[in-house]
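> 3D model of this:
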Amino acid sequence: MKINNLIILGLFLFASTGSFAQSKKEVKKLKIKSSTVTITEMVDGKEKTFNETYQKFDNSGNEVEDVEYNKDGTFKKKETRKYNKSNDVIEDIVYDEKENIKKKTLTEYNNNKDKTVEDVYDGKEQLIEKTQYGYNAKAEKTYELTTDNKGNIIKKSIYTYDKNSMKIEKKTTDSKGNLISIKKYAYEY
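From the prediction side, this is the model:
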């Protein structure tokens, strides 16, 4: 009976915290500041409880911190985010198990709230890669250009659209212009 109650309680907590973590609207509406998921397991006939995840939110319902733990309850990794006034992520930092910065991503947006530049840095604040995004007069993304820390092209993606401004193709090439992939989109009207 005790085990059944623990399972039901665990499922309820998982379902309720999972829904908050996935619905920014609900987090904002309910003014949730944080969410913690704990797990209780039976180990050698004894209950063992540990944290699985912890999430922290700002007043707009944005997730500003996400922490994961190992099964023994020790720290696994953390990710923090900062947002602009439009609630777009402008900084995303991933920490390793020793809480050192593993990767930092800084993102810039234009006046239309379109992502224009994304810089990725390693834990030593050295630029790893930069991705630039271009748009046409209809605000449709036309290209993504990813370069390394020296400005050398890693890959380039070109987007094409139909007369209804629906994306119909994404063609990606490598640093030498060789085709990597073509992704096609089809719509039924």
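
> could you pull out the helices in the protein for me?
Using DSSP state H, the helices of the chain run over 2-22, 24-29.

> which strand residues bridge the residue nearest in space to the middle of the chain?
Residue closest to the mean C-alpha point of the chain, counted by C-alpha atoms, centre = their mean, is Asp92 at 8.3 Å. Note on Asp92: beta-bridge partners by DSSP bridges are Arg81, Thr105.

> residues contacting it?
Listed by C-beta atoms under 8 Å, 6 or more residues apart in numbering, the contact set of Asp92 reads Glu79, Thr80, Arg81, Lys104, Thr105, Thr107. Where C-beta positions appear, they are placed from N, C-alpha and C, glycine not excepted.

> who are the packing partners of the longest strand along the chain?
Identified as the longest strand of the chain according to DSSP state E is strand 46-57. The contact analysis (3 or more C-beta pairs under 8 Å, 6 or more residues apart in numbering; DSSP states H and E) places strand 46-57 against helix 2-22, strand 34-43, strand 63-69.

> residue ranges in the chain under the pLDDT threshold?
Scanning the chain for pLDDT under 70 picks out 1-22.

> rewinding a little: dump the contacts of Asp92 to CSV, plus neighbour count and distance to Ile180.
Converted to CSV, the contacts of Asp92 look like this (neighbours: other C-beta atoms under 10 Å; distance: C-beta to C-beta, whole Å):
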residue, neighbour count, distance to Ile180
Glu79, 17, 28
Thr80, 17, 32
Arg81, 17, 29
Lys104, 19, 26
Thr105, 18, 22
Thr107, 19, 23
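
> for those, give me JSON lines that also has distance to Lys184.
What follows is the contacts of Asp92, written out as JSON lines (distance: C-beta to C-beta, whole Å):
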{"residue": "Glu79", "distance to Lys184": "33"}
{"residue": "Thr80", "distance to Lys184": "37"}
{"residue": "Arg81", "distance to Lys184": "33"}
{"residue": "Lys104", "distance to Lys184": "34"}
{"residue": "Thr105", "distance to Lys184": "29"}
{"residue": "Thr107", "distance to Lys184": "28"}
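
> and these, which is closest to Tyr143?
Nearest to Tyr143 among the contacts of Asp92, counting by C-beta to C-beta, is Thr107 at 16.8 Å.

> just give me the neighbour total for the nearest residue to that closest one once chain neighbours are set aside.
Using C-beta to C-beta, 6 or more residues apart in numbering and skipping the chain neighbours, the partner closest in space to Thr107 is Glu118 (4.9 Å). Using other C-beta atoms under 10 Å, the number of residues around Glu118 comes to 18.

> beta partners for Glu118?
Glu118 forms beta bridges with Thr107, Thr131, as assigned by DSSP bridges.

> next: Thr160.
Beta bridges link Thr160 to Glu169, judged by DSSP bridges.

> measure it to Lys33 for me?
Taking C-beta to C-beta, to the nearest Å as the measure, Thr160 falls 44 Å from Lys33.
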